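Colleague: this is the structure alone, sequence omitted:
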């Protein structure tokens, strides 16, 4: 929903300002997704807004898929210009749902193992298109089981810091007590290593969570896997993360997609250890090992026992390490699988 555009419409037509507050509360607090749901507005005003603005939200559901275990719900949204994006609700704990948001149509980073990157970048999303994903998903979840969205992760389609201004405005809307009101500690943003974005994020959102997608701890391999590394090599990211931790005193979550025979050998934990210790002490990191999810490429995930060995080697070196459970891989809704189909 674009409040500025609606506000201008009200001014042009001498509609009282309190009507704008009624719309804002209906959408951001009650998760209205259609003009007809806002019963505090007169019927003729609802009709005028529908005629002038079209849909209340900037997105419309193209398809909704539910995983077999009912622990993930994937939304394929159509934007006003016909482009498609995807978002995923994940049941991370009993009655606690996280929403994975997209920030771009496609992605310019083109990570070798990611379905989104294969599309290339079509365009950035507006703040409205990002927050409307939240509104629709929150309404869907409320009607489904009465639960609320517990946390938001900017880990869907796109590199968030390549669309920094829209992402920043979306975070402000999502965390504003007057609007959606989610706590900033419940917001996480993942980057593939965009150094200016890390620095801006530290200044503007020190209470939000930062995740860094590492995937390899040497520049040669990492550039093959994450082409953005050629622009911002590991040494530059290390310095940005040093400054981030010094400024915020917050943990950084290290994301590491495990690719069998590529970045999963027994020598890799030592490289990860050496690299991260150039940044800060282990207490400032949690390493999340993510088994590769099928995206049609040449990669495969290591066997579970190999994942556990890798985890154990890192733990012996003093690191907090988790193996992430993939939710929604049967509906192509897991990490790396979103493609706006």
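Modeller: That came through, no problem. Just so you know, these numbers come straight off a predicted model, no measurement behind them.
Colleague: count the neighbours of residue 295 for me.
Modeller: Other residues lying near residue 295 total 21 when counted by other Cβ atoms under 10 Å. Heads up, the C-betas are built off the backbone N, CA and C, glycines and all.
Colleague: please name the nearest non-neighbouring residue to it.
Modeller: Excluding the flanking residues, the one nearest residue 295 by Cβ to Cβ, 6 or more residues apart in numbering is residue 115, at 4.1 Å.
Colleague: what's the answer for residue 196, then?
Modeller: Nearest to residue 196 is residue 161, by Cβ to Cβ, 6+ apart, at 7.2 Å.
Colleague: pLDDT value on the one you found, please?
Modeller: Note on residue 161: pLDDT of 98.
Colleague: then the one 5 residues further on?
Modeller: Confidence at residue 166, expressed as pLDDT, is 98.
Colleague: SS state for it?
Modeller: helix (DSSP: H, G, I helix; E, B strand; the rest coil).
Colleague: how near is the residue nearest to it when sequence neighbours are not counted to residue 271?
Modeller: Nearest residue to residue 166, sequence neighbours excluded (Cβ to Cβ, 6+ apart): residue 127, at 4.9 Å. Separation of residue 127 from residue 271 (Cβ to Cβ, to the nearest Å): 38 Å.
Colleague: between the two, who's got more neighbours?
Modeller: residue 127 (20 against 15).
Colleague: surely the more buried one is in contact with residue 164?
Modeller: No: judged on Cβ atoms under 8 Å, residue 127 makes no contact with residue 164 at a distance of 11.4 Å.
Colleague: now for the two: what residues contact both?
Modeller: Residues touching both residue 127 and residue 164 by Cβ atoms under 8 Å, 6 or more residues apart in numbering: none at all.
Colleague: pretty sure the residue nearest to residue 295 is in contact with residue 296, am I right?
Modeller: Yes: using Cβ under 8 Å, residue 115 is in contact with residue 296, at 7.0 Å.
Colleague: more crowded one of those two?
Modeller: Of the pair residue 115 and residue 296, residue 115 is the one with more neighbours under other Cβ under 10 Å, namely 22 against 10.
Colleague: having no further points to raise, I will conclude here.
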